[in-house]
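**Q** Predicted model and sequence below, questions to follow.
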Amino acid sequence: MKVESVDPTVDRGTVDADDARHGVRASAAEALIEMVDVTKTYGQGTSAFEALRGVSFTVGQGEFVAITGPSGSGKSTMMNILGCLDTPSSGSYLFSGVPVERLSRNQRALLRRHYFGFVFQGFNLLARTSAVENVELPLLYRGVSGKARRQAADEALDLVGLREWATHTPAELSGGQQQRVAIARALVTDPQVLLADEPTGNLDTQRGKEIMDIITALNVERGITVLIVTHEPDIAARAGRIIHFVDGRVANDSRKEPVH
Ligand SMILES: Nc1ncnc2c1ncn2[C@@H]1O[C@H](COP(=O)(O)OP(=O)(O)OP(=O)(O)O)[C@@H](O)[C@H]1O
Ligand SMILES: [Mg+2]
């Protein structure tokens, strides 16, 4: 097993924005993410439930993928596996060619911290902690010094238009602002992959559009690979590809022109 091949210091190369937009880099040879016949069973015996039933797909660097499907179809289960928060019951997940399920828990945590940014529906912000400290957290886990942490967090908050709200706690922020703090926290580590599970689920249309504009810009301008779970057609429309889940399987996987 070669963990060295996911060394975060290795140059990731650049992704041409135009290519990224059209998802043309998604050839198997360049696959950043490769799911091979992945299953996930929760529970045991008579109460066992197969949430994923043999899912295979590859995602190239710089792709913008929407994951859609009915409630309970396995979308969040797949996101947890993608983000190395969970492992498949069978099958394989290769990230940059590394089989994630063969890594130790610690190695998986390292992979997660260095390569992934997460935006989940519940925000998961610390309630009594200021916006800027919430954004700093992933850097704290990485052992980045206080001064460098604050600078990076300020820049990330700037990017989502919240610099002047840095010292406010989540309770003092609107839902949309909280979601932007969550995005800043996901970005502060300069992740290669952004995973977002219904990031606009709690927001009104205008706030949701603002969040999606930020996420789209990250994909188009910075070449960050984006996988986003959504129930909303206009959000899925922004992606260059839609993977549709039904009953723990990929029912449809299609590429298209994104609408920005
Ligand atoms: N920790 C768990 N233990 C047992 N069953 C689980 C667990 N997590 C998810 N499930 C089950 O697995 C199935 C898939 O759940 P998942 O959360 O992946 O669905 P989803 O597609 O994200 O749905 P939604 O759109 O409602 O968020 C569901 O039937 C769910 O009840
Ligand atoms: Mg879900």
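**A** On my side now, so go ahead. Numbering: from 1, shown residues only. Ligands and ions are numbered 1, 2, ... in the order given.
**Q** hey, where'd the helices end up in this protein?
**A** For the chain, the helices defined by DSSP state H occupy 17-22, 75-82, 105-115, 131-141, 146-159, 175-187, 205-222, 233-236.
**Q** Return the most buried member of those.
**A** Highest mean neighbour count among the helices of the chain (mean count of other CB atoms under 10 Å): helix 175-187, with a mean of 24. Glycine gets a C-beta too; all of them are placed from N, C-alpha and C.
**Q** who touches that helix?
**A** For helix 175-187, contacts defined as CB atoms under 8 Å, 6 or more residues apart in numbering pick out 117-120, 123-125, 131, 134-135, 137-138, 153, 156-157, 159-162, 165, 170, 173, 194, 196, 199-200, 202-204, 207, 210-211, 214-215, 218.
**Q** what's the spacing between it and its chain's center?
**A** 13 Å (CA atoms, centre = their mean, to the nearest Å).
**Q** Can you show me the CA trace of that helix as PDB?
**A** The C-alpha trace of helix 175-187 is given here as PDB (Å, rounded to 0.1, in the frame of the first residue of the first chain):
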ATOM      1  CA  GLY A 175     -28.800  30.700   8.300                       C
ATOM      2  CA  GLY A 176     -27.200  31.900   5.000                       C
ATOM      3  CA  GLN A 177     -24.300  33.500   6.900                       C
ATOM      4  CA  GLN A 178     -23.800  30.300   9.000                       C
ATOM      5  CA  GLN A 179     -23.700  28.300   5.800                       C
ATOM      6  CA  ARG A 180     -21.100  30.600   4.400                       C
ATOM      7  CA  VAL A 181     -19.000  30.100   7.600                       C
ATOM      8  CA  ALA A 182     -19.300  26.400   7.000                       C
ATOM      9  CA  ILE A 183     -18.100  26.900   3.400                       C
ATOM     10  CA  ALA A 184     -15.200  29.000   4.600                       C
ATOM     11  CA  ARG A 185     -14.300  26.300   7.100                       C
ATOM     12  CA  ALA A 186     -14.400  23.700   4.300                       C
ATOM     13  CA  LEU A 187     -12.100  25.900   2.100                       C
END
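**Q** relative to helix 146-159, how tilted is it?
**A** 130 degrees (axes from the mean of the first three to the mean of the last three CA atoms, to 10 degrees).
**Q** and the angle from helix 175-187 to helix 205-222?
**A** Going by the same axes, to 10 degrees, helix 175-187 makes 20 degrees with helix 205-222.
**Q** what is the mean pLDDT for helix 175-187?
**A** Taken as a whole, helix 175-187 carries a mean pLDDT of 90.
**Q** now the helices of the chain in a markdown table, with distance to ligand 1?
**A** Output for the helices of the chain, formatted as a markdown table (distance: least, CB to the nearest ligand atom, whole Å):
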| stretch | distance to ligand 1 |
| --- | --- |
| helix 17-22 | 26 |
| helix 75-82 | 3 |
| helix 105-115 | 17 |
| helix 131-141 | 23 |
| helix 146-159 | 27 |
| helix 175-187 | 17 |
| helix 205-222 | 16 |
| helix 233-236 | 13 |
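**Q** Determine which of those approaches E257 most closely.
**A** helix 17-22 (7.4 Å; CB to CB).
**Q** Please pull out the lowest mean pLDDT helix or strand from the chain.
**A** Every helix and strand in the chain was compared by mean pLDDT, DSSP states H and E; the lowest is helix 17-22, with a mean of 42.
**Q** Quick one, which of the helices of the chain gets closest to V59.
**A** V59 lies closest to helix 75-82 among these, at 8.8 Å (CB to CB).
**Q** List of residues touching the closest one?
**A** Outside of helix 75-82, the residues within contact range by CB under 8 Å, 6+ apart are 33, 35, 38, 40, 51-52, 55, 67-69, 86-88, 93, 116, 193, 195, 197, 227, 229, 245, 248.
**Q** Among these, which are located in strands?
**A** Among the contacts of helix 75-82, the subset assigned to strands under DSSP state E consists of 33, 35, 38, 40, 51-52, 55, 67-68, 93, 116, 193, 195, 197, 227, 229, 245.
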